[in-house]
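[1] Coordinates for the following, if possible.
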Amino acid sequence: MSGILVHGDNHFIVRGPMPDRETALALVRHWSLIEIGSSTPTVLDPWQIITSEFRENLEWAVVVPGDRGISTTVTLLLNELAARGITIYDSGLRSW
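    Next up is the predicted model:
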């Protein structure tokens, strides 16, 4: 299963199940900060960044607010996913 994890103006195409809110935040923290010599925490092992995926194969989407807005290209992709019936989860909302 693959999805997109959006953080501000950055995004990751991810292989793995849709993360819950806390895991999505942990993934963004881990992947946004480069720490030489650090290893991935075991709890995050089910997810990995992949370099490409067909849009049709994306099954989930999570948005984690950042300092900058979502890029136009990623916004178009999120709109396309929503039109296909995929719920876009926003970690900044209490309802999630």
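[2] And the strands in the protein?
    Assignment of strands within the chain using DSSP state E yields the ranges 2-7, 10-15, 48-49, 58-64, 88-90.
[3] Of those, flag the one that's most buried.
    Ranked by mean neighbour count under mean count of other Cβ atoms under 10 Å, those are led by strand 2-7, which reaches a mean of 22. All C-beta spots, glycine's among them, are computed from the backbone N, C-alpha and C.
[4] So which elements touch that one?
    Under the contact criterion of 3 or more Cβ pairs under 8 Å, 6 or more residues apart in numbering; DSSP states H and E, strand 2-7 touches strand 10-15, helix 21-32, strand 58-64, helix 72-83.
[5] who's in contact with the third one?
    When you say that, I think you mean strand 58-64. 1-8, 13, 17-19, 24-25, 28, 70, 78, 81, 86-92 (Cβ atoms under 8 Å, 6 or more residues apart in numbering).
[6] how about a cut-off of 6 Å?
    Applying Cβ atoms under 6 Å, 6 or more residues apart in numbering, the external contacts of strand 58-64 come out as 1-7, 18, 24, 28, 78, 81, 88-91.
[7] Can you dump the C-alpha atoms of that strand in PDB for me?
    Coordinates of the C-alpha atoms in strand 58-64 are reproduced here as PDB (Å, rounded to 0.1, in the frame of the first residue of the first chain):
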ATOM      1  CA  LEU A  58      -1.900   6.000  -3.900                       C
ATOM      2  CA  GLU A  59      -4.400   4.800  -1.300                       C
ATOM      3  CA  TRP A  60      -4.000   7.300   1.500                       C
ATOM      4  CA  ALA A  61      -3.000  10.900   2.100                       C
ATOM      5  CA  VAL A  62      -2.000  12.700   5.300                       C
ATOM      6  CA  VAL A  63      -1.200  16.400   5.600                       C
ATOM      7  CA  VAL A  64       1.000  17.700   8.500                       C
END
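[8] Mind listing the strands it pairs with, and their directions?
    The strands beside strand 58-64 in its sheet (DSSP bridges) come out as strand 2-7 (parallel), strand 88-90 (parallel).
[9] Run through the residues that contact the residue in the chain sticking out farthest from the centre.
    Summary for the chain: using Cα atoms, centre = their mean, the residue whose C-alpha lies farthest from the chain's mean C-alpha position is Gly37, with a distance of 23.5 Å. Listed by Cβ under 6 Å, 6+ apart, Gly37 has no contact partners.
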